[in-house]
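> attaching a predicted model along with its sequence, questions to come.
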Amino acid sequence: MGVAFVAHCLLNQNSKVREGAHCAGVYSPIVDVLRAKGWRVEQMPCPELAFAGLNRFWAVREQYDTAAFRRHCRRLAAAVAGAIAARAEQGEEIVLVGVQGSPSMGVTITSSDPDRGGRPAWPDGTPEHTGGEGIFVEELHAELDRRGIVFRVAGETHALATHDVASERAHLESVLENGDG
Amino acid sequence: MGDERSFRVALVADRYVNPPPGGLDGLAVLAAAGWGVMQLPDDAYPAEVARLLLAEVAEQVEEFSRHGYLFVLVGERAGLGEALAAVGVPVPPRIVPASAAELGGFLAAQPVPPAVTAARE
């Protein structure tokens, strides 16, 4: 058991980009697993909400990969890393639960399209997904490495073509139990 | 693609998200009622850690508030009022619930979020 630092939107779907909220408020499939396994739940800030606002467009990683957004993410990461460090110093295990496919919160899958820009019209789909971390997770990862804090990762998978709630739950359980994230 | 957001957000003290044995599971009540949750820092955190986290919470509350989302406060957290004041947002209606029924009744009594009202007009 330990402490799960979860993406903001897993407790508050109101923070999602427009047309992105999968439920009214709390995304229970992830939260239920964490609580059933006895992990504390701690919510991270949404990096996109305070920066680009509620009326932001759907975006890929390249569109957020700016000096200003990274500076914003480093500020958030410093705050979150302080909380994580406090838990780690107590001997707690740490898991980050992100949002797969997200340009900012992806933990092993983010989104990429170097050509995207201009008038926002593009087909919905998954070709943009690629291996890697989102911008905020990358900055948080760097800050935790700097502090010598070890952590595991898991992710909510709604954005992926392969999304399946049972698989999402099973993977999270595996990460929590076996640390194979 | 549909969007199922409720436009309702509760600022929630940590003890209602991670309740002690026998404590009120506020997160379960809020989830069942369709409210989003913004968790407040655990009281055990060092003051500077909590201050930074509260500042981020406040900035996000300001963004939601400008767009007509409805807020309540469940529990209390030292420093929250100051953080909200720094972004020009008042402390929302508050409850320190003793039971799930009390919290559920409080949530049910809240008005329709301005964002929902505006969308209907």
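Here it is on my side, so go on.

> partners of the lengthiest strand in chain A in the sheet?
Assignment by DSSP state E gives strand A:93-99 as the longest strand of chain A. Using DSSP bridges, the strands paired with strand A:93-99 are strand A:2-6 (parallel), strand A:152-156 (parallel).

> hey, least reliable of those strands by pLDDT?
Lowest mean pLDDT of those: strand A:152-156, a mean of 95.

> ok, then the element right after that one?
Downstream of strand A:152-156, the first helix or strand assigned by DSSP states H and E is helix A:165-178.

> in PDB, could you pull the C-alpha coordinates for that following helix?
Extracted as PDB, the C-alpha positions of helix A:165-178 are listed here (Å, rounded to 0.1, in the frame of the first residue of the first chain):
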ATOM      1  CA  VAL A 165     -12.500  -0.700 -18.300                       C
ATOM      2  CA  ALA A 166     -11.700  -4.300 -17.200                       C
ATOM      3  CA  SER A 167      -8.200  -4.100 -18.800                       C
ATOM      4  CA  GLU A 168      -7.700  -0.600 -17.300                       C
ATOM      5  CA  ARG A 169      -8.600  -1.900 -13.900                       C
ATOM      6  CA  ALA A 170      -6.500  -5.100 -14.200                       C
ATOM      7  CA  HIS A 171      -3.400  -3.100 -15.300                       C
ATOM      8  CA  LEU A 172      -3.800  -0.700 -12.300                       C
ATOM      9  CA  GLU A 173      -4.200  -3.600  -9.900                       C
ATOM     10  CA  SER A 174      -1.000  -5.200 -11.400                       C
ATOM     11  CA  VAL A 175       0.900  -2.000 -10.900                       C
ATOM     12  CA  LEU A 176      -0.300  -1.600  -7.400                       C
ATOM     13  CA  GLU A 177       0.400  -5.200  -6.400                       C
ATOM     14  CA  ASN A 178       3.500  -6.000  -8.400                       C
END
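
> other residues contacting that helix?
Helix A:165-178 is contacted from outside by A:4, A:29-30, A:33-34, A:37, A:39, A:95, A:97, A:152-154, A:156-157, A:180-181, using C-beta atoms under 8 Å, 6 or more residues apart in numbering or on different chains. C-beta here means a position set from N, CA and C on the backbone, and glycine is covered the same way.

> burial count for residue 88?
By default, I'm working from chain A. The number of residues packed near A:Ala88 is 20, by other C-beta atoms under 10 Å in any protein chain shown.

> can you look at chain B instead?
Using other C-beta under 10 Å, B:Gly88 has 10 neighbouring residues.

> same thing with B:Pro114?
With neighbours defined by other C-beta under 10 Å, the count for B:Pro114 comes to 14.

> distance check, it against A:Val175.
Between B:Pro114 and A:Val175 the computed distance is 40 Å (C-beta to C-beta, to the nearest Å).

> then A:Arg152?
From A:Arg152 to A:Val175 the distance is 5 Å (C-beta to C-beta).

> just A:Pro127 next, same as before
Counting by C-beta to C-beta - A:Pro127 and A:Val175 are separated by 27 Å.

> the two: which is more packed in?
With neighbours defined as other C-beta under 10 Å, A:Pro127 and A:Val175 compare such that A:Val175 has more, 20 against 10.

> for chain A, what's the longest helix?
Looking across chain A with DSSP state H, the single longest helix is helix A:67-89.

> can you point out the buried residues in the worst-scoring helix or strand of chain B on mean pLDDT?
When each helix and strand of chain B is scored by mean pLDDT, DSSP states H and E, helix B:114-120 comes last, with a mean of 87. Residues of helix B:114-120 classed as buried: B:Ala115, B:Val116 (neighbour count, 16 or more other C-beta atoms under 10 Å in any protein chain shown).

> again with stretch A:89-107
Across stretch A:89-107, burial judged by 16+ other C-beta under 10 Å covers A:93-107.

> what does stretch B:29-46 give?
B:29-31, B:33-42, B:45.

> and those near chain A, which?
Among the buried residues of stretch B:29-46, proximity to chain A is found for B:Leu30, B:Ala31, B:Ala33, B:Gly34, B:Trp35, B:Gly36, B:Val37, B:Met38, B:Gln39, B:Pro41, B:Asp42, B:Tyr45 (C-beta under 8 Å from any C-beta of the partner chain).
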